[in-house]
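Engineer: Take this sequence and fold it.
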Amino acid sequence: MPGTVVVGLQWGDEGKGKVVDVLAENADFVVRFAGGANAGHTLVVEGRRLVFHLLPSGLLRAKTTCLLGAGMVLCPETLVEEMERAQELGIDLAGRLVISARAHVVTEYHKVIDGLREQNEGAIGTTLRGIGPAYEDRASRRGLQIGALGSQKTVEFALRGMYERALREGASRSELVEPDELATRYRDYAERLQPYLGDVSSLVHRGLVEGRQVLFEGAQGTLLDLGFGSYPYVTSSQTLSAAACTGVGVGPGAVSSVVGVLKVYTTRVGLGPFPTEASGAEVERLRRRGAEFGATTGRPRRCGWLDLPALRYAVRVNGVTELFLTKLDVLSGLEQIPVSVGYHVEGRLVQEVPCAPVDLDQVEPMYESLPGWADFPDDPRSFRDLPEAAVEYVRRIERETGVPVRFVSVGPDRRQVVAVSPQ
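Structural biologist: Presented below is the predicted three-dimensional model:
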């Protein structure tokens, strides 16, 4: 069964959208399995910048069928707007987009609750898209599945409960849409989305049995996983490769390979520990060269150096079989490149993220300076075209993780990717 999971190995923003777009050239299906509009996958095709928040990156490949799995939470308004924008760009969705009827709805009430919480003590820096509250309702069996939008009774009952919860969270009636009004809007969305609803689990299973190539597209990153990330500064869904199975509805045997995506440096959006965070001019240089601003929020990303202990951890918990590195060109011009090769924790040197995530705040990175490179070719066509120090930087990552690097991104466009020759 040729199923491949694409998963981020850092705190998100690794460039998974571009990676999926590149790999989707040979894929029959691309299916998202978790998250919602808090994800922003940016693609650059022939100089044109496109951002998808809900739709899979494979839409730009005309022969690829794109699916939204049951593990996602979807804002109907955002989804419809994104579908319309795709159609305006000449992307035909008919027969190419299937939405799981089991995916859950993110409502206006979820967004209001999210915003209220971020104003209080204990804020974690969410995208304010209502993702956390929507997953809470799903887990507590109070949510609304997108396949139920056509049932007026079900919708009205669910919305009334969400409305009351928003009031208990501190919302004023003046800032909330009345449930009856929102239910009317959802009837319109139900009509728009009905032709695209289907059984994603069955479609993917059948495709795998028939030997079709399936890409499972992850969102956010390993260190934001609800169970294995830097809790509590995490997202509200599971982001590891194993979540592809539960988020789509296929067995573990569906996955034959896991592509781990990482930047050659590290970034993070929002609050939470960041052991290798840089400061001063170093941050501004990485941010400027790497265009490090959130595709969803526009917020400037926190920037720092490659964190090998965190990377080893991410490789292990995801069962990564190959790596795809991004933004190697951004490091050009540095004489020396700091890389964290271990952590000092209470007098001990450790090689991975500590078991108790709270300890991540307390670690002291141990750095090694690797040789940088002054010049980078404008349009490298092969791995051999890269500077010797850049090649060694890639090889060092392979040695430290024990996983081969398959591709390296050397620029923002989909064409700016080189295959890495085996050692």
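Engineer: and stretch 208-221, how far apart are its ends?
Structural biologist: With CA to CA, to the nearest Å as the measure, the ends of stretch 208-221 fall 25 Å from one another.
Engineer: Then stretch 99-111?
Structural biologist: 22 Å.
Engineer: residue ranges with poor pLDDT in the stretch 201-350 of the chain?
Structural biologist: With pLDDT under 70 as the threshold, the stretch 201-350 of the chain has low-confidence stretches at 295-297.
Engineer: residue boundaries of the strands in the stretch 301-423 of the chain?
Structural biologist: Along the stretch 301-423 of the chain, the segments classed as strands by DSSP state E, counting those that start in this stretch run 302-304, 306-307, 322-326, 336-345, 348-350, 364-371, 405-409, 417-419.
Engineer: Let me know which of those is tucked in deepest.
Structural biologist: Comparing the strands of the stretch 301-423 of the chain by mean neighbour count (mean count of other CB atoms under 10 Å), strand 306-307 ranks first with a mean of 27. Quick note: C-beta positions are derived from backbone N, CA and C, even for glycine.
Engineer: which outside residues touch that one?
Structural biologist: Gln10, Lys263, Val264, Tyr265, Thr266, Pro275, Thr276, Ile337, Val339, Ser340, Pro365, Ile397 (CB atoms under 8 Å, 6 or more residues apart in numbering).
Engineer: quick revisit: could you dump the strands of the stretch 301-423 of the chain into a markdown table with distance to Arg96 added?
Structural biologist: Compiled in a markdown table, those are given as follows (distance: least, CB to CB, whole Å):
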| stretch | distance to Arg96 |
| --- | --- |
| strand 302-304 | 37 |
| strand 306-307 | 37 |
| strand 322-326 | 25 |
| strand 336-345 | 42 |
| strand 348-350 | 47 |
| strand 364-371 | 44 |
| strand 405-409 | 25 |
| strand 417-419 | 24 |
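Engineer: mind checking which of those strands is nearest Met162?
Structural biologist: The closest of the strands of the stretch 301-423 of the chain to Met162 is strand 302-304. By CB to CB, the value is 33.0 Å.
Engineer: can you give me how far the closest one is from the chain middle?
Structural biologist: What separates the centre of strand 302-304 from the centre of its chain is 17 Å, taken as CA atoms, centre = their mean, to the nearest Å.
Engineer: Name all residues that make contact with Phe216.
Structural biologist: Taking CB under 8 Å, 6+ apart as the contact definition, Phe216 lies against Gly3, Thr4, Val5, Val6, Val31, Arg32, Phe33, Ser241, Ala244, Val248, Val255.
Engineer: ok, now Glu335?
Structural biologist: For Glu335, the contacting residues are Pro371, Gly372, Ala374, taking CB under 8 Å, 6+ apart as the criterion.
Engineer: same thing but 10 Å
Structural biologist: Shown here is Glu335, whose contacts under the criterion CB atoms under 10 Å, 6 or more residues apart in numbering are Ser369, Pro371, Gly372, Trp373, Ala374, Ala389.
Engineer: thinking again about what came up before, for Ser382, which of the strands of the stretch 301-423 of the chain is the nearest?
Structural biologist: Ser382 sits nearest to strand 417-419 of all the strands of the stretch 301-423 of the chain, at 5.7 Å, using CB to CB.
Engineer: neighbouring contacts of that closest one?
Structural biologist: Under the criterion CB under 10 Å, 6+ apart, residues 18-19, 21-23, 324-326, 328, 380-386, 405-411 lie in contact with strand 417-419.
Engineer: try 7 Å this time
Structural biologist: Taking CB atoms under 7 Å, 6 or more residues apart in numbering as the criterion, the residues outside strand 417-419 that touch it are Val22, Pro380, Arg381, Ser382, Phe383, Phe407, Val408, Ser409, Val410.
Engineer: Ok, stretch 145-164 next?
Structural biologist: With CB under 7 Å, 6+ apart as the test, stretch 145-164 has contacts from 74, 99, 101-105, 107, 109, 137, 142, 144, 176, 179, 182-183, 186, 189-190, 193-194, 197.
Engineer: again, 6 Å this time
Structural biologist: Counting by CB atoms under 6 Å, 6 or more residues apart in numbering, the neighbours of stretch 145-164 from elsewhere in the structure are 74, 101-105, 107, 109, 142, 144, 179, 182-183, 186, 190, 197.
Engineer: ok, back up a step: select only the buried ones of the contacts of Phe216 in PyMOL?
Structural biologist: To isolate in PyMOL the members of the contacts of Phe216 that are buried, counting by 16 or more other CB atoms under 10 Å, one can use:
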select buried, resi 3+4+5+6+31+32+33+241+244+248+255
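Engineer: hang on, the earlier thing: and Asp225, which of the strands of the stretch 301-423 of the chain is closest to it?
Structural biologist: Taking CB to CB, strand 306-307 is the member of these nearest to Asp225, at 15.8 Å.
Engineer: Starting from the closest one, tell me which strands it pairs with and how they run.
Structural biologist: Sheet pairing here is set by DSSP bridges, and for strand 306-307 it gives strand 336-345 (parallel).
Engineer: Show me how the record splits the chain into domains.
Structural biologist: The chain breaks down by automatic domain parsing into domains covering 3-100+197-258, 104-193, 263-419.
Engineer: ranking the ones you listed by burial, who's on top?
Structural biologist: Highest mean neighbour count among these (mean count of other CB under 10 Å): domain 3-100+197-258, with a mean of 21.
Engineer: and it, how far from the chain's centre?
Structural biologist: 9 Å.
Engineer: How far does that domain stretch from one end to the other?
Structural biologist: Start-to-end span of domain 3-100+197-258 (CA to CA) is 9 Å.
Engineer: Stretch 312-331 too?
Structural biologist: 21 Å.
Engineer: quick check, nearest of the contacts of Phe216 to Val51?
Structural biologist: Proximity of the contacts of Phe216 to Val51, judged by CB to CB, is greatest for Arg32, which lies at 14.7 Å.
Engineer: Just to check, the closest one is in contact with Glu217?
Structural biologist: Yes - with the criterion set as CB atoms under 6 Å, Arg32 and Glu217 qualify as a contacting pair; they are 4.8 Å apart.
Engineer: Need the residues touching each of these two.
Structural biologist: Listed contacts common to Arg32 and Glu217 are Pro56; contacts here mean CB under 6 Å, 6+ apart.
Engineer: Torsion angles phi and psi at the residue nearest to Ala101 when sequence neighbours are not counted?
Structural biologist: Counting by CB to CB, 6 or more residues apart in numbering, Ala101 lies nearest to Gly147, which is 2.7 Å off, once chain neighbours are set aside. Per-residue torsions, Gly147: phi -70, psi -10 (degrees, to the nearest 10).
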